[in-house]
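S.K.: Pasting the sequence and the predicted model now:
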Amino acid sequence: MNPWRVILTIAAKDWRIEGRARDVLTATIFFAGLVVMILAFAFGPESTRLRQAAPGVLWVAIAFASILAASRAFASEAEDGALEALLLYPVPHELIYLGKLLSNIGLMLILALLVVPLTVLLYDVKVGEKLLLLLLTVFLGVIGFSIISTFQSSLTVNLRARESLLPVLIFPLVVPVVIGAVKATTLIVTNGSGGEIWGWLRLLIGFNVVYVTVCTLIFPFAVES
Amino acid sequence: MQSKPKSFFDASWITPALGFSSLLIVVLTFVFTFTAQPDVQQGFLTRILPLHVPASWLAYLSFGMTAVYGLAYLITRRNHFDRLSASSAEIGVVFIVLSLFTGALWGRPTWGTYWQWDARMTTTLLMFMVYVGMLMVRGIIDDPARRARVSAVIGVVASVGVPINYMSVYWWNTLHQTPSLSVAAKHSSLANPGILIAFLLSLLGFTVLYIYLLRLRGQIALRVSDLESEEIEMQLGSMKVAQ
């Protein structure tokens, strides 16, 4: 069977469920918006300070929302033995991970496309002509979060205390993404040099390539029952 | 009870012998460290090196072996490998704390700060957190087979951080210096021979110490799991009596 079709079918299944129930997006978008606003209160009304804090705030909001989404990523699967049914499909388990990953990336990109403009507006950030570069950073950063959070979420399905355990498992691993994305975003909004921005984007690309490979290969062991 | 294959490595004198040899080497290390001439640039500060570097090496070794044993468990499904993987992770956590602590003590007089968010220190702290997370997950899962599988998977994924941590001083412009001793680059910043001997001895001693601790911890883990299965058998037995 065509692997791309398998991946797309699994992702489409999740997107269809999300389109009907709106379980993940409603909660995470609202939560990310709240984080952006609460941190705006914390950093005070002074606009220069807000502008300095904006890249960090943006990525903290996306990272927290991503963890919230991760705990839901396999929630629909955990009920009524749906995960077993999914694993019974005559396809390699690696593709199931990639399908779940794609669906998670899709949802997180929608979230990011709402949080980025919100942060830009509330924190009075000047994006300027580097909008495309900012979008690329957001794209790479979101993928990085999704790779780790989808994987760790699959590992903790049906585990008691999973909600409190997931952040412990996800955060230490995604910190390189947070650092790279925040540095790149800061350079973009302060009109930094292209070479430096590219250096941080390269970190994000490297991280994504390494972890997607490792996670895909080890995923069959993570879900067997 | 599991039937244990008898081989040379099962001999009961090996573990204490390893313990004594590591103790002996550590004592020798102390002698060389404290009799060495003070360094031209760093003075007495250089004496923390034979503790700091081997502790970091041991953390790398432990976390690397955690992944190797984890992978071995996933392939063979022998509980033996799960116990070794978890024991190795525990040893790694202990020594990474030692490494962070001695690094901070050295950093204060040398760099003027206990802690700096540079790439080496940040990634070291992250490695510490990842493996504490792994041990926390082990504590939460009751089913031994699932616990072993999940912890092996986490151990393998987490090991990606080890080479990143090692290479961080080359890839980024960090405050933390590149290795003090490099065979490939024929470079050594350990100028006086006393401290160099102490450094090499300590690397050896810590490696022996790792094998000793791993064996000891593995034996304890075996007893714990034997106890667990005995308790289950006793519960099953009392259920039969009740019927």
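M.R.: Cool, got the structure. Numbering: from 1, shown residues only, chains lettered A, B, ... in the order given.
S.K.: Neighbours of the residue in chain A that chain B sits nearest to, how many?
M.R.: Of all residues in chain A, A:Pro172 sits closest to chain B, at 3.9 Å by CB to the nearest CB. C-beta here means a position set from N, CA and C on the backbone, and glycine is covered the same way. Close neighbours of A:Pro172, defined as other CB atoms under 10 Å in any protein chain shown, add up to 22.
S.K.: Now it: closest residue in space that isn't a chain neighbour?
M.R.: Leaving aside its sequence neighbours, A:Pro172 sits nearest to B:Met129 (CB to CB, 6 or more residues apart in numbering or on different chains; 3.9 Å).
S.K.: quick one on the thing from earlier: where's the residue of chain A closest to chain B, which helix or strand?
M.R.: Element membership for A:Pro172 (DSSP states H and E) is helix A:162-189.
S.K.: Buried residues, that helix. List them.
M.R.: By neighbour count with 16 or more other CB atoms under 10 Å in any protein chain shown, helix A:162-189 contains the buried residues A:162, A:165-189.
S.K.: Kindly list the longest helix within chain B.
M.R.: In chain B, taking DSSP state H as the definition, the longest helix is helix B:193-242.
S.K.: Could you say which helix or strand holds whichever residue of chain B sits closest to chain A?
M.R.: Nearest residue of chain B to chain A: B:Met129, at 3.9 Å (CB to the nearest CB). Using DSSP H and E, B:Met129 maps to helix B:119-140.
S.K.: what's that helix packed up against?
M.R.: Other helices and strands packing on helix B:119-140, by 3 or more CB pairs under 8 Å, 6 or more residues apart in numbering or on different chains; DSSP states H and E, are helix A:162-189, helix B:49-76, helix B:79-111, helix B:144-158, helix B:161-171.
S.K.: So the lowest-mean-pLDDT helix or strand in chain A, near chain B or not?
M.R.: Using mean pLDDT, DSSP states H and E, helix A:75-78 stands out as the lowest-scoring helix or strand of chain A, at a mean of 77. No. Using CB under 8 Å from any CB of the partner chain, helix A:75-78 stays clear of chain B, coming no nearer than 14.7 Å.
S.K.: Can you tell me what sits against that helix?
M.R.: With contact meaning CB atoms under 8 Å, 6 or more residues apart in numbering or on different chains, helix A:75-78 is reached by A:14, A:17, A:23, A:82-83, A:86, A:157-158.
S.K.: one step back: my understanding was that the residue nearest to A:Pro172 contacts A:Ile170; is that so?
M.R.: No. Contact criterion CB atoms under 8 Å: B:Met129 and A:Ile170 do not qualify, at 10.9 Å.
S.K.: follow-up on the earlier one: quick check: buried residues in the least confident helix or strand of chain A?
M.R.: Using 16+ other CB under 10 Å as the test for burial, helix A:75-78 gives A:75-77.
S.K.: same thing with stretch A:1-20?
M.R.: Counting neighbours by 16+ other CB under 10 Å, one finds that the buried residues in stretch A:1-20 are A:6-8, A:10-12, A:14-15, A:18.
S.K.: how about TSV for those residues, with pLDDT, secondary structure and distance to A:Ser71 added?
M.R.: Output for these, formatted as TSV (pLDDT from 0 to 100; DSSP: H, G, I helix; E, B strand; the rest coil; distance: CB to CB, whole Å):
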residue	pLDDT	secondary structure	distance to A:Ser71
A:Val6	91	helix	25
A:Ile7	93	helix	23
A:Leu8	93	helix	24
A:Ile10	91	helix	19
A:Ala11	92	helix	19
A:Ala12	93	helix	22
A:Asp14	89	helix	15
A:Trp15	91	helix	18
A:Glu18	88	helix	15
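S.K.: which among the residues you listed are in contact with chain B?
M.R.: Counting by CB under 8 Å from any CB, no member of these reaches chain B.
S.K.: just those now: which is nearest B:Val160?
M.R.: Nearest to B:Val160 among those is A:Ile7, at 23.0 Å by CB to CB.
S.K.: who's in contact with that closest one?
M.R.: By CB under 8 Å, 6+ apart, the residues touching A:Ile7 are A:95, A:98-99, A:102.
S.K.: Spatially central residue in chain B, please.
M.R.: Using CA atoms, centre = their mean, the residue of chain B that lies closest to the mean C-alpha position is B:Gly92, 2.9 Å off.
S.K.: tell me the average confidence for stretch A:46-53?
M.R.: Averaging pLDDT along stretch A:46-53 yields 86.
S.K.: Report the buried residues of that stretch.
M.R.: Per 16+ other CB under 10 Å, stretch A:46-53 contains these buried residues: A:50-53.
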